[in-house]
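# Turn this into a model:
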Amino acid sequence: MLPLDQKYFKTLLASSPDIIIAVDREGTINYYNDGARQNLGFTADEIIGQKVTRIYSSLEEAKRVMRAMRESPVKGRIGSYETILRNKEGEPIQVMISGAMIYDEDGKEVGSIGFARDIRRMRRAQQLATAGEIAVSLAHEINNPLECIINNLDLVSRDLESHLSDAEKVVEGERMESIRHSVERVQAIVRRLDEMARKGEYETRDYLAGKRMVDLAPRPSPLEAPKRPELVTTGEEWPLNGFSVLVLDDDLSIVQSMSDLLRAERCTVHTATLPSAAFGILRNVKVDAVISDVVMPEMDGYEFYLKVKEEMPELPVILMTAYYYDKDHILKRTRLRGLEGALFKKPINPQKLRQTLMQVKQKAKEAKAAAMQAKMAAS
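Residues are numbered from 1 along each chain as shown. Here you go, the predicted model:
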């Protein structure tokens, strides 16, 4: 191997994209590379000969770094040490610095050198990752109680219908619409946070003088016409009358409200808060369909679905979740395995739930008719 000369080392230092700065024992800058120029904005002519405090956010911060070097367990050296520098415009720059004291042959301190890297992007990426985790958790924790509100609101609408005059229906209908609109707004806010977290881009707006806040105001879609919810009409037929449904969710409020909603449709409802309890019911009671949460103790929705299909291959299973983001691809995997339907985002629209169950019932009816025809043809 050829020995590396001094010129080569100087070229390496000069061309490094990191900030490399050396100072003498009095704190005067005597080396400043091009990486420092690109990150801090000062030219070498502007900064060499100046005190190192020129590039620190404060004199105290410069002293803190030097003290860390002198008091380091590895004498005169620090690694991955966070500090704040200041660029030509006076803006603070968060950096990770590795540095070392320089000593002469007698062990006397003659200066120091520091290698620093701008870590703002890295910190931003970490913040975005944290925000993404918060968004996923927030969606789950908010959408579950919203599901309960929506279910009970639908039930209240039904009860009111039979007790009101036409004039009262108009007034109460407007109140119901106002509640639904507020729920939809909360949903839209959570959805917007989730979208921004996944894109890694946050819009902000003024909050108070000198302060900003994340802009979570929902963005209206020009393609969506405003929906005006109405009270359920009387004399409605009951196509799900007698249809037997098992509701499985580890959130008891969801189980209770969805059960009430399905009973209002004249369904026979069984409930469980654990998959093991659900299997206890399925093995002893005739059930026409299962509505299951995705994220549960004991097993997730995908595992539950596969186990149901293994024991009862003809039993339809419908999955629902309060998460906006299917990070474990549970719904995707179950669809590939023949999942009957997916009510992905809580709160679930009661009309969509009704529609899905009617489709399941119709499918079962058609399958039964086809089986009878095949039996008759065989005989």
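# Setting aside sequence neighbours, what's the nearest residue to Arg46?
Arg isn't right for residue 46; it's Glu. Leaving aside its sequence neighbours, Glu46 sits nearest to Lys88 (C-beta to C-beta, 6 or more residues apart in numbering; 7.9 Å). Glycine gets a C-beta too; all of them are placed from N, C-alpha and C.
# Surely that neighbour is within a helix?
No. Under DSSP: H, G, I helix; E, B strand; the rest coil, Lys88 falls outside any helix and is assigned coil.
# residue contacts, it?
Lys88 makes contact with Leu40, Gly41, Phe42, Glu46, according to C-beta atoms under 8 Å, 6 or more residues apart in numbering.
# what's the closest of these to Leu274?
For the contacts of Lys88, the minimum distance to Leu274 (C-beta to C-beta) is 59.3 Å, reached by Leu40.
# That closest one - how many residues pack around it?
25 (other C-beta atoms under 10 Å).
# for it, phi and psi?
phi -100, psi -20 (degrees, to the nearest 10).
# just Ile93 next, same as before
Per-residue torsions, Ile93: phi -130, psi 120 (degrees, to the nearest 10).
# for it, which residues make a bridge with it?
Taking DSSP bridges, one finds Leu85 as the beta-bridge partners of Ile93.
# Quick check: it vs Thr43, distance?
The gap separating Ile93 from Thr43 is 17 Å, by C-beta to C-beta, to the nearest Å.
# try Glu26
The value you get for Glu26 to Thr43, if C-beta to C-beta is used, is 22 Å.
# So which bits of the helix or strand where Lys7 lies are buried?
Per DSSP states H and E: Lys7 is located in helix 6-15. Within helix 6-15, the residues scored as buried using 16 or more other C-beta atoms under 10 Å are Leu13.
# which residues in the stretch 201-350 of the chain form strands?
Per DSSP state E, counting those that start in this stretch, the stretch 201-350 of the chain carries strands over the ranges 204-206, 212-214, 244-248, 268-272, 289-293, 317-321, 341-345.
# Skip ahead from the last one and say which helix or strand is next.
Going down the chain from strand 341-345, the next helix or strand is helix 350-378, by DSSP H and E.
# can you pull the pLDDT of Val136?
Looking at Val136, its pLDDT reads 68.
# so Glu26 sits in a strand?
No. Counting by three-state DSSP, Glu26 falls outside a strand, being coil.
# okay, now it: neighbour count?
8.
# Just the element for Ser112, please.
Ser112 belongs to strand 109-118, assigned by DSSP H and E.
# Give me the domain ranges for this structure.
17-118, 129-219+238-369 (automatic domain parsing).
# any chance you could map the helices in the stretch 151-300 of the chain?
Ranges of helices in the stretch 151-300 of the chain, per DSSP state H, counting those that start in this stretch, are 166-199, 252-264, 275-282.
# now for the shortest one, which elements pack on it?
To tie it back to what came earlier, the one meant is helix 275-282. strand 244-248, strand 268-272, strand 289-293, helix 301-311 (3 or more C-beta pairs under 8 Å, 6 or more residues apart in numbering; DSSP states H and E).
# Next, the angle strand 289-293 makes with the second one.
Strand 268-272 runs at 30 degrees relative to strand 289-293, counting by axes from the mean of the first three to the mean of the last three C-alpha atoms, to 10 degrees.
# and strand 268-272, which strands flank it?
When pairs are called by DSSP bridges, strand 268-272 turns out to pair with strand 244-248 (parallel).
# contacts for the partner strand?
254-255, 258-259, 262, 267-275, 278, 281-282, 285-293, 296, 304, 357.
# Quickly find the element holding the residue of the chain most remote from its centre.
Relative to the centre of the chain, the most outlying C-alpha is that of Asp106, 58.1 Å out, by C-alpha atoms, centre = their mean. Using DSSP H and E, Asp106 falls within no helix or strand.
# Give the phi and psi angles for it, as a check.
Here Asp106 shows phi and psi, under degrees, to the nearest 10, equal to phi -90, psi 0.
# ok, now which ones touch it?
Contacts of Asp106 were listed using C-beta under 8 Å, 6+ apart, and none were found.
# Look up how far Val74 lies from it.
The gap separating Asp106 from Val74 is 20 Å, by C-beta to C-beta.
# and the closest residue in space to Pro239 that isn't next to it in sequence, how far is that from Ser253?
Closest residue to Pro239 apart from its sequence neighbours, by C-beta to C-beta, 6+ apart: Met358 at 5.6 Å. Going from Met358 to Ser253 by C-beta to C-beta gives 25 Å.
# just for the stretch 151-300 of the chain, where's the confidence low?
Confidence mapping of the stretch 151-300 of the chain against pLDDT under 70 gives the ranges 170-171, 197-236.
# let's see 80
151-237, 253, 257, 295 (pLDDT under 80).
# if we can go back for a sec, could you identify the buried members of the contacts of Lys88?
By neighbour count, with 16+ other C-beta under 10 Å, those hold Leu40, Gly41, Phe42 as buried.
# In CSV: the helices of the stretch 151-300 of the chain, plus mean neighbour count and distance to Tyr31.
Shown next, in CSV, are the helices of the stretch 151-300 of the chain (neighbours: other C-beta atoms under 10 Å; distance: least, C-beta to C-beta, whole Å):
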stretch, mean neighbour count, distance to Tyr31
helix 166-199, 15, 41
helix 252-264, 19, 65
helix 275-282, 17, 66
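# Output these in JSON lines, with distance to Lys309 appended to each entry.
JSON lines is the format used below for these (distance: least, C-beta to C-beta, whole Å):
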{"stretch": "helix 166-199", "distance to Lys309": "30"}
{"stretch": "helix 252-264", "distance to Lys309": "22"}
{"stretch": "helix 275-282", "distance to Lys309": "12"}
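# Which among those is found nearest to Glu141?
Using C-beta to C-beta, the nearest of those to Glu141 is helix 166-199, at 9.5 Å.
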